[in-house]
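Novice: structure of the sequence below:
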Amino acid sequence: FIHNVLRISWLFCIFRYSPENKVWQPKRGKYPKKDMAKIQNISEIQPTLGFTEFDVLEKYRKSFYESELGRLHSVFPFDRMAKAIGLSEQRLGRRNIFSPLAKIALMVLKAYTGFSDRHLVEHLNGNLHYQIFCGIMIDPAFPITNYKIVSAIRNEIASRLDIDSLQEILASHWKPYLENLHVCMTDATCYESHMRFPTDMKLLWESIEWLYRHICRHCMDLGIRRPRNKYADVSESYLSYCKKRKRKASRTRMLKRRMIRLLEKLIVQRDEIHKEYGRSLRYTQDYQKRLSIIRKVLVQEKELFEGRKVNDRIVSIDRHYVRPIVRGKETKSVEFGAKVNNIQIDGISFIEHLSFKSFNEGIRLKDCIRMQQKLMNVRVRCAAGDSIYANNANRRFCTKYGISTSFVRKGRAAKDEPLRKVLRSELSKQRATRLEGSFGTQKQHYSLARIKARNRKTEILWIFFGIHTANAVLMIDKVTSRTAKAA
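Specialist: Predicted coordinates for the structure are as follows:
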């Protein structure tokens, strides 16, 4: 009997069902009632809850705040972040399923769980802790079915994202729980994009395939005959080439020459169709952008084929902003993705510089120190970095402002050399373990190993929330220990 009462209490609390109405009654909105999402914010449901002696929702909320997910929610200043991004409730039209705070919470939840968009929506529909984390309640009879809403929210936040202002908010919120604010550790890493390993042959074939498909579509729409070309022959040769385990350099060069000539001819044929029937065809912005990228790919491949060096090389048609980043590692000599220079304060990482083009992080030590002093309002006394940061300019800068470093000593030893040696050793050890270890943690557990975002802005957003979700998990222990000490 108690189980039945609990079940009825739960249904009455969540759905606000009444025998008189027998339907869900939304408060506002101009759309038909049958089209309205059966979702409400928890703050709106709470005043109408009945059956307080069997309040299942209150038990779920209590268990949520005792869980790691609830503690993770408590270390984020969601209201300040939403205000800084510029998210606000719509006053007119249909009400959003997710409030501004819920949108940011959803991005944190995605980084924390590592789910795909589809799996995240499926778990959100059935997991009450996830719903409480986002501050919404979903009717099980009317779950969210459009998983693309996660992508829409990601694009909305990415278009407004300001990393500097958000990191200032997070730093001010976490500062009371951090120690050793005078120690700055810095290093750079590459967060790779989810893409196939690029080669000249793959890039040329993708360009040819896309252009030929659209030429055929234009001819079908216009009712004209397709222009003649060697697409079928090159396609057969490329398939045979891909099936071979060992590919001779002479055959590779021969096929590459054929593909370059075919791509050049396809561009000419497409331009002729446009010149004659341009007014009858409609081109999307993505189409025009892709076409301009393919033209640039053709120019670069012709220069490479002739043995000339190419700067700003394109390695992917979809992610045209990605550039090869030479890292010099034993397992990976080249990486493709965003290179990020991070600073770390007491184990908490902040983004100092992010670029999809390669840059020399060794010249950015001054910027790292200035950024930490701005975030923490404390003068930096110790700096740790690997050998690439130990150039003469950085050494002079640190000597001028009395900053101790982990760099190998140059010149004669000072009087207090034993003490300096101990300090250098400790700084190097902390940097190698905590900072290098944080990169591995972020990539293995917070979806930063291979970033699956589809454009530049959302990829930056993905990196931002991955890094700071990892930070927030570390902050849970820091907040708990500080609270226990204060008690």
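Novice: tell me the phi and psi of the spatially closest residue to Ser280 that is not a sequence neighbour?
Specialist: Nearest in space to Ser280, with sequence neighbours left out and distances taken as Cβ to Cβ, 6 or more residues apart in numbering, is Leu222 at 6.2 Å. In short, each C-beta sits where N, CA and C put it, glycine included. Dihedral pair for Leu222: phi -90, psi -10, per degrees, to the nearest 10.
Novice: how far away is Leu222 from Ile363?
Specialist: 55 Å (Cβ to Cβ, to the nearest Å).
Novice: pLDDT weak spots in the protein?
Specialist: 1-54, 330, 487 (pLDDT under 70).
Novice: what residues of the longest strand belonging to it count as buried?
Specialist: In the chain, taking DSSP state E as the definition, the longest strand is strand 334-345. For strand 334-345, a neighbour-count test (16 or more other Cβ atoms under 10 Å) marks 335-345 as buried.
Novice: cool, and stretch 108-126?
Specialist: Within stretch 108-126, judged by 16+ other Cβ under 10 Å, the buried ones are 108-113, 115, 117, 120-122, 124-125.
Novice: what's next to that stretch, contact-wise?
Specialist: 69, 72, 76, 106, 130-131, 133-134, 138, 140, 143-151, 445-447, 452, 462, 465-466, 469, 472-473 (Cβ atoms under 8 Å, 6 or more residues apart in numbering).
Novice: now the helices for the stretch 301-450 of the chain?
Specialist: Remark: helices assigned in the stretch 301-450 of the chain by DSSP state H, counting those that start in this stretch are 365-376, 392-400, 417-430, 436-445.
Novice: the stretch 151-300 of the chain now?
Specialist: Secondary structure of the stretch 151-300 of the chain (DSSP H, counting those that start in this stretch): helices located at 163-174, 200-222, 231-243, 249-277, 285-305.
Novice: now these as JSON lines including mean neighbour count?
Specialist: Below are the helices of the stretch 151-300 of the chain laid out as JSON lines (neighbours: other Cβ atoms under 10 Å):
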{"stretch": "helix 163-174", "mean neighbour count": "17"}
{"stretch": "helix 200-222", "mean neighbour count": "17"}
{"stretch": "helix 231-243", "mean neighbour count": "13"}
{"stretch": "helix 249-277", "mean neighbour count": "15"}
{"stretch": "helix 285-305", "mean neighbour count": "15"}
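Novice: residues contacting Glu352?
Specialist: 186, 341-343, 364, 367-368, 371.
Novice: and the two most separated of the residues you listed?
Specialist: Asn342 and Asp367 (12.1 Å; Cβ to Cβ).
Novice: give me the distance between His173 and Thr458.
Specialist: Counting by Cβ to Cβ, the gap from His173 to Thr458 is 25 Å.
Novice: scratch that, Leu222 is what I was asking about
Specialist: From Leu222 over to Thr458 (counting by Cβ to Cβ), the distance is 36 Å.
Novice: quick one on the thing from earlier: just name the most buried of the helices of the stretch 301-450 of the chain.
Specialist: Greatest average neighbour count among the helices of the stretch 301-450 of the chain goes to helix 365-376 (a mean of 19), per mean count of other Cβ atoms under 10 Å.
Novice: show me what that one packs onto, helices and strands only.
Specialist: Where contact means 3 or more Cβ pairs under 8 Å, 6 or more residues apart in numbering; DSSP states H and E, helix 365-376 is packed against helix 163-174, strand 183-192, strand 334-345, strand 348-355, strand 382-384, helix 392-400.
Novice: for the fourth one, which positions count as buried?
Specialist: Read that as strand 348-355. Buried-residue list, strand 348-355, by 16+ other Cβ under 10 Å: 348-354.
Novice: mind checking what helix or strand follows the helix or strand encompassing Ala111 in sequence?
Specialist: Here Ala111 sits within helix 100-113, counting by DSSP states H and E. Sequence order places helix 117-126 as the next helix or strand after helix 100-113, per DSSP H and E.
Novice: just the CA trace of that next one, in CSV.
Specialist: What follows is helix 117-126, C-alpha atoms only, in CSV (Å, rounded to 0.1, in the frame of the first residue of the first chain):
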residue,chain,number,x,y,z
ASP,A,117,24.4,14.3,-27.5
ARG,A,118,22.0,11.5,-28.1
HIS,A,119,23.0,9.5,-25.0
LEU,A,120,23.0,12.6,-22.9
VAL,A,121,19.4,13.4,-23.8
GLU,A,122,18.4,9.7,-23.1
HIS,A,123,20.0,9.8,-19.7
LEU,A,124,18.6,13.2,-19.0
ASN,A,125,15.1,11.9,-19.6
GLY,A,126,15.5,9.1,-17.1
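Novice: tell me what the helix or strand that that helix is followed by is packed against?
Specialist: Counting by DSSP H and E, the next helix or strand C-terminal to helix 117-126 is helix 128-134. With contacts defined as 3+ Cβ pairs under 8 Å, 6+ apart, helix 128-134 has these neighbours: helix 56-66, helix 68-74, helix 100-113, helix 117-126.
Novice: helix 128-134: how far from the chain's middle?
Specialist: Remark: helix 128-134 is offset 22 Å from the chain centroid, using Cα atoms, centre = their mean, to the nearest Å.
Novice: who are the packing partners of the very next helix or strand once past it?
Specialist: Downstream of helix 128-134, the next assigned helix or strand under DSSP H and E is strand 136-138. If you count contacts as 3+ Cβ pairs under 8 Å, 6+ apart, strand 136-138 packs onto strand 39-41, helix 42-45.
Novice: again, only using 10 Å
Specialist: In terms of contacts (3 or more Cβ pairs under 10 Å, 6 or more residues apart in numbering; DSSP states H and E), strand 136-138 is packed against helix 2-15, strand 39-41, helix 42-45, helix 100-113, helix 117-126, helix 128-134.
Novice: picking up where we left off before, quick one: which of the buried residues of strand 348-355 is nearest Phe98?
Specialist: Looking across these and measuring by Cβ to Cβ, the closest to Phe98 is Ile351, at 25.2 Å.
Novice: thought the closest one was touching Asn342?
Specialist: Yes. With contact defined as Cβ atoms under 10 Å, Ile351 counts as touching Asn342 (6.1 Å).
Novice: shared neighbours of those two, anything?
Specialist: Listed as contacting both Ile351 and Asn342 by Cβ atoms under 10 Å, 6 or more residues apart in numbering are Ile467.
Novice: ok, Asn471 to Gly278 distance?
Specialist: 52 Å.
Novice: ok, those two, which is more surrounded?
Specialist: The neighbour count for Asn471 versus Gly278, taken as other Cβ atoms under 10 Å, is higher for Asn471 (21 against 11).
Novice: got the contact list for that one?
Specialist: Asn471 touches 75, 170, 174, 344-345, 347-350, 438, 442, 446, counting by Cβ under 10 Å, 6+ apart.
Novice: return the member of those residues nearest to Leu427.
Specialist: Gln344 (11.8 Å).
Novice: what pairs with the closest one across the strands?
Specialist: Gln344 has these beta-bridge partners by DSSP bridges: Met185, Ser349.
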